[in-house]
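*Asks:* just to be clear, the model below is a prediction. Sequence and coordinates:
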Amino acid sequence: MEMQNLLTEKYGLFMDLTELADLFRLKKASLYQQIYQGKLDINHVKRGKKYLFPTHEVSKYLHSNLSNIK
């Protein structure tokens, strides 16, 4: 829950693709490819040309993937 609060304070309720790429330290093109190939396991919406990711979903994704690392 702490991670969700930190992300919400920094990014607000939604993150755009640029913010997500910065957080994951990936290129935007890599994220676009994952979206198009259906490999990105984060719920998102597309508004016009912009992809928006709910911050709480990003937090869940990070939490589940970081807990798998031992």
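*Replies:* Alright, I've got the coordinates. Numbers count the residues shown, from 1 in each chain.
*Asks:* report the rounded mean pLDDT for the lengthiest strand in the chain.
*Replies:* Longest strand in the chain by number of residues (criterion: DSSP state E): strand 50-54. Per-residue pLDDT over strand 50-54 has a mean of 96.
*Asks:* I would like the residues contacting it, please.
*Replies:* 13, 14, 15, 16, 17, 20, 35, 42, 43, 44, 45, 46 (C-beta atoms under 8 Å, 6 or more residues apart in numbering). All C-beta atoms are positioned from the backbone trio N, CA, C, and that covers glycine.
*Asks:* swap the cut-off to 6 Å and go again
*Replies:* For strand 50-54, contacts defined as C-beta atoms under 6 Å, 6 or more residues apart in numbering pick out 14, 15, 17, 20, 42, 44, 45.
*Asks:* on the three-state scheme, the second one is what?
*Replies:* The three-state assignment at residue 15 reads strand, by DSSP: H, G, I helix; E, B strand; the rest coil.
*Asks:* the fifth one too?
*Replies:* Taken by three-state DSSP, the conformation at residue 42 corresponds to coil.
*Asks:* from residue 30, how far off is the nearest residue to residue 15 once chain neighbours are set aside?
*Replies:* Spatial nearest neighbour of residue 15, chain neighbours left out: residue 53 (4.7 Å); criterion: C-beta to C-beta, 6 or more residues apart in numbering. According to C-beta to C-beta, to the nearest Å, residue 53 stands 15 Å off from residue 30.
*Asks:* these two: who's more crowded?
*Replies:* residue 53 (22 against 12; other C-beta atoms under 10 Å).
*Asks:* follow-up on the earlier one: now, of the contacts of strand 50-54, which are buried?
*Replies:* 14, 15, 17, 20, 42, 44 (16 or more other C-beta atoms under 10 Å).
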